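build the 3D model from these lines:
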Amino acid sequence: MKRSNSISWIEILLVDLALILAIGAMGASKRAETLEDVQQRTVASNSAATMLASR
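Residues are numbered from 1 along each chain as shown. From the prediction side, this is the model:
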């Protein structure tokens, strides 16, 4: 029980880290973004979160 709890916390931290990095990359980018770029990034973030959550 304790082990599965700690794993889920680690996964939550990894997802948070991925989102922070994505937001940082967005902020660092100076070019104008199209809606398609934003949608692709959102899909990639959701895929990573789903992959981690399904473990």
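
mind listing the helices for the protein?
Along the chain, counting by DSSP state H, helices occupy 2-28, 35-53.

format the ones you listed as TSV; extra columns: mean neighbour count and mean pLDDT.
C-beta here means a position set from N, CA and C on the backbone, and glycine is covered the same way. As requested, the helices of the chain are exported to TSV (neighbours: other CB atoms under 10 Å; pLDDT from 0 to 100):
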stretch	mean neighbour count	mean pLDDT
helix 2-28	11	78
helix 35-53	12	77
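
would you confirm that Ala22 contacts Arg41?
Yes: taking contacts as CB atoms under 8 Å, Ala22 lies within contact range of Arg41: 6.0 Å.

list the contacts of the residue nearest to Ala49 when sequence neighbours are not counted.
Once flanking residues are discounted, Ala49 sits nearest to Val15: 4.9 Å by CB to CB, 6 or more residues apart in numbering. Neighbouring residues of Val15 by CB atoms under 8 Å, 6 or more residues apart in numbering: Ala48, Ala49, Leu52.

any idea how far Met26 is from the last one?
In this case it means Leu52. 21 Å (CB to CB, to the nearest Å).

same thing with the first one?
When distances are taken as CB to CB, Ala48 and Met26 turn out to be 16 Å apart.

how much space between Gln40 and Leu17?
In terms of CB to CB, Gln40 sits 20 Å off from Leu17.

cool, and Trp9?
In terms of CB to CB, Trp9 sits 13 Å off from Leu17.

cool, Val43 as well?
When Val43 is compared with Leu17 (using CB to CB), they lie 18 Å apart.

likewise Met51?
Distance of Met51 to Leu17, given as CB to CB: 14 Å.
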